[in-house]
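Asker: coords please:
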Amino acid sequence: MIQVAPSLLSADFTRIGEAVDMVNKSRSSLIHLDVMDGMFVPNITIGFPVIESIRRIAEKPLDVHMMVCDPGRYIENLRAAGADIVSVHWEACTHLDRVIGSIREAGMKPAVALNPATPVMLLRDVIRDLDMVLLMSVNPGFGGQSFIPNTVRKVRELRELIEESGSAAVIEIDGGVNLETAPALVEAGADILVAGSYVFKAPDPAKAISDLRGCLNTRVKI
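Answerer: Prediction:
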């Protein structure tokens, strides 16, 4: 089954504990947390104290997406807060190899995120060092955006790069994921679907997660 990572960005933050409890009891694999700094992207979201609070009640690994400038500055903060997987943007890292190594040395799984206009092949020299690649299927910074169809082609290109290089990285997709867009992504080679609005705006969020998990393919778990 495909893995699902509900994004708490779309949850009701006045009831965040209930949202985490729902995810704990659901068929999701990860909890996706978006950290935004108001510089790399326009919005500002949660910080390390919130991640630490969620960690105390979360029963699933925390998949932290750093939409911030110079994310290497925060590796120790992320480790202390309890992050399990850390995605940093290729576009935000001057010394990407160093940041990837520092994340792994801190005991977390390194991942790199790519904006919609960033080519997959720019990861050629680091792909074997990654546990995951996060492809943005919307422009980062806001929830509820429409899916960019070109992402399906990028998933195929990334799957080819992973297989040719012998990398063990899995592919995560973030943005506009729902039952209409998910099947093509999974068929192209996606492993993990991040879902925010689709899950938390649904009448039955747990069922929405289960429905997404029904989208074909079985791949390696992160």
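Asker: only C-alpha atoms for contact and neighbour calcs from this point on.
Answerer: Fine.
Asker: neighbouring contacts of whichever helix or strand R79 is part of?
Answerer: Secondary structure assignment for R79, by DSSP states H and E: helix 75-81. For helix 75-81, the external contacting residues (CA atoms under 8 Å, 6 or more residues apart in numbering) are 48-49, 51-52, 55, 102-103, 106-108.
Asker: swap in stretch 106-117?
Answerer: Residues outside stretch 106-117 that contact it (CA under 8 Å, 6+ apart): 75-76, 79, 83-91, 100-101, 103-104, 120, 129-140, 148, 151.
Asker: quick one: average confidence on that stretch?
Answerer: The pLDDT scores in stretch 106-117 average 98.
Asker: Can you show me the strands along this structure?
Answerer: Along the chain, counting by DSSP state E, strands occupy 3-6, 31-36, 62-67, 85-89, 109-114, 132-136, 170-174, 192-195.
Asker: Redo the ones you listed as CSV? Include mean neighbour count and distance to K25.
Answerer: Shown next, in CSV, are the strands of the chain (neighbours: other CA atoms under 10 Å; distance: least, CA to CA, whole Å):
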stretch, mean neighbour count, distance to K25
strand 3-6, 28, 12
strand 31-36, 23, 12
strand 62-67, 24, 15
strand 85-89, 25, 20
strand 109-114, 24, 24
strand 132-136, 25, 24
strand 170-174, 24, 22
strand 192-195, 29, 16
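Asker: quick one, which of those strands is nearest to P205?
Answerer: With CA to CA, the closest approach to P205 among the strands of the chain belongs to strand 3-6: 9.3 Å.
Asker: ok, and what's touching that closest one?
Answerer: 23, 27-32, 63, 191-196, 199, 209, 212-213, 221.
Asker: 6 Å instead, please
Answerer: Strand 3-6 is contacted by residues 28-32, 192-196 when judged by CA atoms under 6 Å, 6 or more residues apart in numbering.
Asker: Return the set of residues that bridge with the nearest residue to R104 once chain neighbours are set aside.
Answerer: Spatial nearest neighbour of R104, chain neighbours left out: P110 (6.0 Å); criterion: CA to CA, 6 or more residues apart in numbering. For P110, the beta-bridge partners under DSSP bridges are V86.
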